[in-house]
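A.B. asks: Provided below are the primary sequence and the corresponding predicted coordinates.
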Amino acid sequence: MTRHIKVEEFDELVLNSDKPVLIDFYASWCAPCKMLAPTIDKISENNPNINVYKVNVDEQGELAQKFGVMSIPTLISFKEGKVYKQALGFIPENKVLELLK
């Protein structure tokens, strides 16, 4: 299961991570987010070399605002503490994995 992250732990878990990080910005009421969730969980389970987190934009609006998240789902990958790539909307697993390559 993918871990939910809060603003208080963001720097430690994402910016200071020695692994690539994928963050799924979502909301519980968002249908495309629900469609994407199993893919995100699968990637998290099958790729121990990647840290995968979820951010509920309704609960963690500060994080969504910090990264300009205007639409959900939004996926943002980080490498060495910096935004690497991002994608908006529902995308297939292979495209999600491309965000990390």
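C.D. replies: Perfect, thanks for sending it. Numbering: from 1, shown residues only.

A.B. asks: which is the next helix or strand following the longest helix seen in the chain?
C.D. replies: Ranked by residue count and defined by DSSP state H, the top helix of the chain is helix 31-46. For helix 31-46, the following helix or strand on the C-terminal side (DSSP states H and E) is strand 51-56.

A.B. asks: Distance check, residue 30 against residue 57.
C.D. replies: 9 Å (C-beta to C-beta, to the nearest Å). Bear in mind the C-beta positions are built from the backbone N, C-alpha and C, glycine included.

A.B. asks: What about residue 62, how many residues nearby?
C.D. replies: The tally of other residues near residue 62 (other C-beta atoms under 10 Å) stands at 13.

A.B. asks: no, scratch that, I was asking about residue 47
C.D. replies: Neighbourhood size, residue 47 [other C-beta under 10 Å]: 15.

A.B. asks: The one 4 residues further on now?
C.D. replies: Around residue 51 there are 20 other residues, counting by other C-beta under 10 Å.

A.B. asks: Leaving out chain neighbours, which residue sits closest to it?
C.D. replies: residue 21 (4.7 Å; C-beta to C-beta, 6 or more residues apart in numbering).

A.B. asks: any idea how far residue 10 is from the residue most central in space within the chain?
C.D. replies: Here the mean C-alpha position of the chain is nearest to the C-alpha of residue 23 (C-alpha atoms, centre = their mean), at a distance of 1.3 Å. Plainly put, residue 23 is 9 Å away from residue 10 if you go by C-beta to C-beta.
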